[in-house]
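>>> With the sequence up front, the predicted model follows.
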Amino acid sequence: MDSKKNKLLILNGSHSDSILIQKAKELGYYVITTGNDANMLGHKYADEYHKADFSNKDEVLELAKKLEINYVCACANDFGAITASYVAEKMSLPGHDPYETTLDLHHKDRFKKIAIPNNIPTPYSESYDDEELAISNIGKYQLPLIIKPIDLTGGKGVSVARSVDECKTAIKKAFSMSKAKHIVIEEFIEGTQHSFTTFLLNKKVVFSFSDNEYSFKNQFLVSTSAAPATDIELVKQSLIDASEKLAKIMDLGNGVFHHQYLLRDGKPYIIEITRRCSGDLYPVPVQHATGVDWATWIVKAQTGMDCSDFPLNVEQKGFCGRHCIMPPHNGKVKDVIISDEIKNNIFDELMWWEDGYKIDDYMAQKVGIVFFEFSSQEEMLDKVARINDLIKIEFY
């Protein structure tokens, strides 16, 4: 390696992380990736790869010390954000909140203990680390409920329960999947789902981007996003105020601050917060709509670079989004059929399927991502509502 280059450890090499890896190299870093799967798409862009489980903070810390890294960057996963802050704290590296602060944000039970007393708009919930106690307390809640592990992403282990029996099953499922063996039981908000991503600079929101979120077969896994979010102007200031209040209370550092929220009767309810790059190449539509090189700024912040020149007064323009092509069932992929009706809206794509690509977990697997733009909100909402008919997987 070039002895003049600083070594940056990025905690995975999935397709979602590939954009961070490439931007980090453009910034002049010697990029090392880790993760359990050496065959992931992103690793080919790195200078080195070393196998380690990014959710195992002590394993990654040992690797980081061995490699004498100068910086660490989270991957597009909450466990990556948690491990990155742990490694940064132990090695006195810049660009990350303290480890306990990161847990407060990314663990659902700890976030609620901060949000609810401080009037941050969020669904009410209670946490449990005892399965029998959680089941015995079902009667104190009004159904339906949403039951979640505190520490997983992508909808893993999440259930909506509309009866006592469903609650019992959901609680057992959440406990079985939670690494921490800790769950939350939360009021179920019927509403539309959205995201609101921001950049914090000196605890102030200096940039924001919003979109609608949609799911396919797995209702807890976002497969499609379309920007801007419907009715964002009604809730934008409320979300900014909540972000800045949390930044002040928790003494958050500069960088990405991403929210998922539900919108019901004109009021937002924040359901998740992360301080890492969102997955499935989320920076692509962000940059397309704003001109801001979102992935580069995420890397800059997480390596402690000066962010004082972040572009201010940027407006989100146009109508765009991304769609993860997901299968309706298991099988072997023969082709991806894209309707002529949507082809002209696609401005970029990333495909990793090949002839005979095996689908054995259709609730989570993807075969590619397309990025699209539209001439109006009406066109966007219409085509996104039909996107899984306009883009289909053909099976053998």
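Thanks, I have it.
>>> Which residue ranges of the stretch 151-300 of the chain form strands?
In the stretch 151-300 of the chain, the strands defined using DSSP state E, counting those that start in this stretch lie at 159-161, 183-187, 192-201, 204-215, 222-227, 255-264, 267-274.
>>> So for residue 309, which of these sits nearest?
strand 192-201 (10.0 Å; Cβ to Cβ). For every residue, glycine as well, the C-beta is placed using N, CA and C.
>>> orientation of the closest one relative to strand 222-227 in degrees?
Taking axes from the mean of the first three to the mean of the last three Cα atoms, to 10 degrees, one finds strand 192-201 and strand 222-227 inclined to each other by 70 degrees.
>>> ok, back up a step: make a markdown table out of the strands of the stretch 151-300 of the chain and add mean neighbour count, distance to residue 104 and mean pLDDT.
Putting the strands of the stretch 151-300 of the chain into a markdown table (neighbours: other Cβ atoms under 10 Å; distance: least, Cβ to Cβ, whole Å; pLDDT from 0 to 100) gives the following:
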| stretch | mean neighbour count | distance to residue 104 | mean pLDDT |
| --- | --- | --- | --- |
| strand 159-161 | 18 | 25 | 91 |
| strand 183-187 | 23 | 14 | 92 |
| strand 192-201 | 22 | 15 | 97 |
| strand 204-215 | 20 | 19 | 98 |
| strand 222-227 | 24 | 23 | 97 |
| strand 255-264 | 21 | 13 | 96 |
| strand 267-274 | 20 | 10 | 94 |
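>>> Which among those strands is found nearest to residue 120?
Of the strands of the stretch 151-300 of the chain, nearest to residue 120 by Cβ to Cβ is strand 267-274, at 6.4 Å.
>>> What pairs with that closest one, parallel or antiparallel?
With DSSP bridges as the test, strand 267-274 is paired with strand 255-264 (antiparallel).
>>> could you check the angle strand 204-215 makes with the strand it pairs with?
Using the same axes, to 10 degrees, strand 255-264 lies at 50 degrees relative to strand 204-215.
>>> now for the strands of the stretch 151-300 of the chain, which one comes closest to residue 171?
Once the strands of the stretch 151-300 of the chain are compared by Cβ to Cβ, strand 183-187 is nearest, at 6.7 Å.
>>> Quick one: list the elements packing against that closest one.
Counting contacts by 3 or more Cβ pairs under 8 Å, 6 or more residues apart in numbering; DSSP states H and E, strand 183-187 is packed against helix 108-115, strand 125-128, strand 145-149, helix 164-177.
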